[in-house]
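Asker: sequence? don't have it. structure:
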């Protein structure tokens, strides 16, 4: 006879149950860690993209308002001198005009972001599977803007009007050719 004592069968069931609980707990904790890591990465990328967008915005207005043309290269140099924390891949930024009636000059992300922002969103971010990161933020008219931005294509400018979109992009890090060299070309000239 191959009969096990009742205590032995119960012990096997208990060990099996405990092993199952351990596996499920490990999977849940691992998944939570991955989700938290993804959230932290998205948060850091969003913060960096916001900083690049603000720098692009300030640099653009500073250049436009600077009356001494020989001082504009100094402005460019100062803008390039501001580094972002842990900046490795190149960040670029550009303005997208909301007055554009034709979107054929825009790529898929720019077109979708412009449409969502026109519908009321303030910022859009997208990270592709390959690691490219794109971010778009609405530029809405504040009371300080009314001195220069008097009219839009829709008539007189009002506080809160959408006047532009700043699109920020960061290319995926190169991992096949060794570490990426840190550089600060932070903003493209558009």
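Answerer: Everything's here; your move. These numbers were taken from a predicted model, which means no experiment stands behind them. Numbers count the residues shown, from 1 in each chain.

Asker: mind listing the strands for this structure?
Answerer: Per DSSP state E, the chain carries strands over the ranges 91-97, 123-127, 133-140, 151-152, 155-156, 162-170.

Asker: Show residues contacting the fifth one.
Answerer: The list of residues contacting strand 155-156 from outside it, by CB atoms under 8 Å, 6 or more residues apart in numbering, reads residue 150. C-beta here means a position set from N, CA and C on the backbone, and glycine is covered the same way.

Asker: ok, now with 6 Å
Answerer: For strand 155-156, contacts defined as CB atoms under 6 Å, 6 or more residues apart in numbering pick out no residues.

Asker: now do the fourth one
Answerer: Applying CB under 6 Å, 6+ apart, the contact partners of strand 151-152 are residue 157.

Asker: Quick one: mean pLDDT over that strand.
Answerer: For strand 151-152, the mean pLDDT works out to 76.

Asker: Show me where this structure has its helices.
Answerer: Taking DSSP state H as the test, the helices found in the chain are 6-65, 72-81, 108-118.

Asker: quick one: contacts for residue 46?
Answerer: By CB under 6 Å, 6+ apart, the contact list for residue 46 reads residue 125.

Asker: picking that back up, looking at the helices of the chain, which is closest to residue 172?
Answerer: helix 6-65 (11.8 Å; CB to CB).
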